[in-house]
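K.L.:
okay, predicted coordinates and the sequence, questions at the end:
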Amino acid sequence: MADDHDAAEDAELTEKLTEKERAAARAVEFVRDGMTLGLGSGSTANIAVRLLGELVRQKGWHVRGVPTSFLTAALAAEVGLPLIELNDVARVDLTIDGADEIGPGLALIKGGGGALLREKIVAAASDTVIIIADSSKLVAQLGAFPLPVEVVPFARAFVERRLSALELNPKLRLTRDGAVYRTDQDNEILDCHAGAIPDPEGLGRELAAIPGIVEHGLFLGLAHRAIVATGPDVRELLP
Ligand code: A5P
């Protein structure tokens, strides 16, 4: 029985990986020579970064990447993608990134990997944002995935009380070793187990009004296209 269970789990993981690869491959078709690219974070965005490395090598294209996390910067360097600081570009042509949930109108929850702040800045600076995902990310309503809220460590307890008052059920993110998780900006993350989020815009406004919150993982009006693979099918969704 245990073996059957493991085999079923393995098959599900393999299928998810294949879906991520299909979505990433489609997104890379939007890349052109000379582009400045926002490089997302997470397992799906990593696949796109590797494909971009191959594309640049094969075609001899000159693209530059703005990474959204230290991990993505390291991967981009490994696959030979030239990097540039966001401060050194006037604009980003195209960002390819993953998501934790994709809801109606391409409202997103992001930040499961902790990179929400840079991801949101780079998305906002981009002419086009393409979200790539496996089929498990598509939801009818946001909220089953815990909403990450990045906080300045100084303000954590205060913000936690405010989030609890909003019945968002915040939990401080820890590392696997039980240490307090720190973002690339050395901030902390409160994951909000809020359940269904019927009004993402309203919640986004409430969160933005709390001092000490640096950023939250609701990405609203930022995605221009989502590419979602379901088995062999690859669908492109617009807001
Ligand atoms: C990183 O902080 C996140 O926003 C990721 O984009 C998101 O968690 C998706 O990650 P996976 O592609 O690994 O599911």
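P.N.:
Perfect, I can see it now.
K.L.:
what helices or strands is the helix or strand bottoming out on mean pLDDT in the chain leaning on?
P.N.:
Using mean pLDDT, DSSP states H and E, helix 2-28 stands out as the lowest-scoring helix or strand of the chain, at a mean of 80. Contact partners of helix 2-28 among helices and strands, from 3 or more C-beta pairs under 8 Å, 6 or more residues apart in numbering; DSSP states H and E: helix 43-59, strand 92-97, strand 126-134, strand 225-230, strand 233-237. Heads up, the C-betas are built off the backbone N, CA and C, glycines and all.
K.L.:
tabulate these (CSV), appending distance to the ligand and mean pLDDT.
P.N.:
Listed next are the helices and strands packed on helix 2-28 as CSV, based on distance: least, C-beta to the nearest ligand atom, whole Å; pLDDT from 0 to 100:
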stretch, distance to the ligand, mean pLDDT
helix 43-59, 3, 97
strand 92-97, 5, 98
strand 126-134, 7, 98
strand 225-230, 12, 97
strand 233-237, 16, 96
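K.L.:
between the ones you listed, which one is closest to Arg162.
P.N.:
With C-beta to C-beta as the measure, strand 92-97 is the member of these nearest Arg162 (28.2 Å).
K.L.:
just checking the distance from the very next helix or strand once past the closest one to the centre of its chain.
P.N.:
Remark: after strand 92-97, the chain's next helix or strand is strand 101-102, criterion DSSP states H and E. Distance, stretch centre to chain centre, for strand 101-102: 10 Å (C-alpha atoms, centre = their mean, to the nearest Å).
K.L.:
related to what we said a few turns ago, pick the most deeply packed of the helices and strands packed on helix 2-28.
P.N.:
strand 92-97 (a mean of 25; mean count of other C-beta atoms under 10 Å).
K.L.:
give me the sheet partners of that strand and which way each runs.
P.N.:
Neighbouring strands of strand 92-97 in its sheet, by DSSP bridges, are strand 36-39 (parallel), strand 126-134 (parallel).
K.L.:
from the chain's centroid, how far away is it?
P.N.:
Counting by C-alpha atoms, centre = their mean, strand 92-97 is centred 12 Å from the centre of its parent chain.
K.L.:
what's that strand in contact with?
P.N.:
With C-beta atoms under 8 Å, 6 or more residues apart in numbering as the test, strand 92-97 has contacts from 24, 27-28, 30-32, 35-42, 45, 48, 66, 68, 86, 110, 119, 122-123, 125-132.
K.L.:
out of the residues you listed, which end up buried?
P.N.:
Among the contacts of strand 92-97, those classed as buried by neighbour count (16 or more other C-beta atoms under 10 Å) are 24, 27-28, 31, 35-42, 45, 48, 66, 68, 110, 119, 122-123, 125-126, 128-132.
K.L.:
output stretch 157-167 in CSV with nothing but the alpha carbons.
P.N.:
Taking only C-alpha atoms (Å, rounded to 0.1, in the frame of the first residue of the first chain), the coordinates of stretch 157-167 have been written out as CSV:
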residue,chain,number,x,y,z
ALA,A,157,4.5,41.9,17.0
PHE,A,158,2.5,45.1,16.3
VAL,A,159,1.7,44.0,12.7
GLU,A,160,0.8,40.5,14.0
ARG,A,161,-1.8,42.0,16.3
ARG,A,162,-3.3,44.1,13.5
LEU,A,163,-3.4,41.1,11.2
SER,A,164,-5.1,39.0,14.0
ALA,A,165,-7.6,41.8,14.5
LEU,A,166,-8.5,41.5,10.8
GLU,A,167,-8.9,37.7,11.4
